[in-house]
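1. take a look and give me a structure for this.
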Amino acid sequence: MSIEIRDIREDEINLLRDFLYEAIYIPEGMEPPDRSIIEQPELKIYYENFGTGRADHCIVADDDGKVTGAVWTRIMNDYGHVDDETPSFAISLYKEYRGRGIGTQMMKAMLAALKEKGYKQASLAVQKANYAVRMYEKVGFRTVDENEEEYIMVCEL
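-> Numbers count the residues shown, from 1 in each chain. So this is what the prediction gives:
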């Protein structure tokens, strides 16, 4: 199986809605929320008019023509927002593709792309219980702030 890491194509941008839903962290034993949750204003900012902002960038994992994961950035007032010059990350992989290093590959590709574009840092918010925290640390993110449920992490580029 060879996974290609590439930029998203314009005709695939609608997939961000699916990946945003997949990215919602569901603690063990909890029921997943209804799909309509992604229509809430605090979640719509992740995909609405994507491609129009200067930091809107998306990299996908492509398994023989099927997009299986996405990492995307934009400057938005989301949970991981630190300032108006720092793109926030969102990342998601379909469950059956998790734990294979694909997320790490996508993260590294995105960090390199942001550095090339001249950004100084990137940020994200992650639930403390989410196993992805270790992967974010591995690619260079450090916790700069936290609340009861989440870490705010920043990666210097």
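
2. from here on, contacts and neighbour counts on C-alpha atoms
-> Noted.

3. quickly note the distance from the closest residue to Ser2 other than its chain neighbours to Ala55.
-> Closest residue in space to Ser2, ignoring its immediate chain neighbours: Asp63 at 6.6 Å, by Cα to Cα, 6 or more residues apart in numbering. Distance of Asp63 to Ala55, given as Cα to Cα, to the nearest Å: 26 Å.

4. so which of those two has more stuff around it?
-> More crowded of Asp63 and Ala55, by other Cα atoms under 10 Å: Ala55, with 20 against 15.

5. is Ala55 in a helix, a strand, or coil?
-> The three-state assignment at Ala55 reads coil, by DSSP: H, G, I helix; E, B strand; the rest coil.

6. now the phi/psi pair for the most centrally placed residue in the chain, please.
-> In the chain, the C-alpha nearest the mean C-alpha coordinate belongs to Ala90, at 1.7 Å (Cα atoms, centre = their mean). The phi/psi pair for Ala90 (degrees, to the nearest 10) reads phi -130, psi 140.

7. okay, and the beta partners of it?
-> On the basis of DSSP bridges, Ala90 is bridged to Trp72.

8. hmm, it is touching Ile75, no?
-> No: counting by Cα atoms under 8 Å, Ala90 does not reach Ile75; the two are 11.2 Å apart.

9. flag the shaky bits of the protein, pLDDT-wise.
-> Residues of the chain meeting the criterion pLDDT under 70: 1.

10. any chance you could map the helices in it?
-> For the chain, the helices defined by DSSP state H occupy 15-23, 41-44, 102-116, 132-138.

11. what's the closest of those helices to Glu148?
-> Smallest distance to Glu148 across those (Cα to Cα): 15.2 Å, for helix 132-138.
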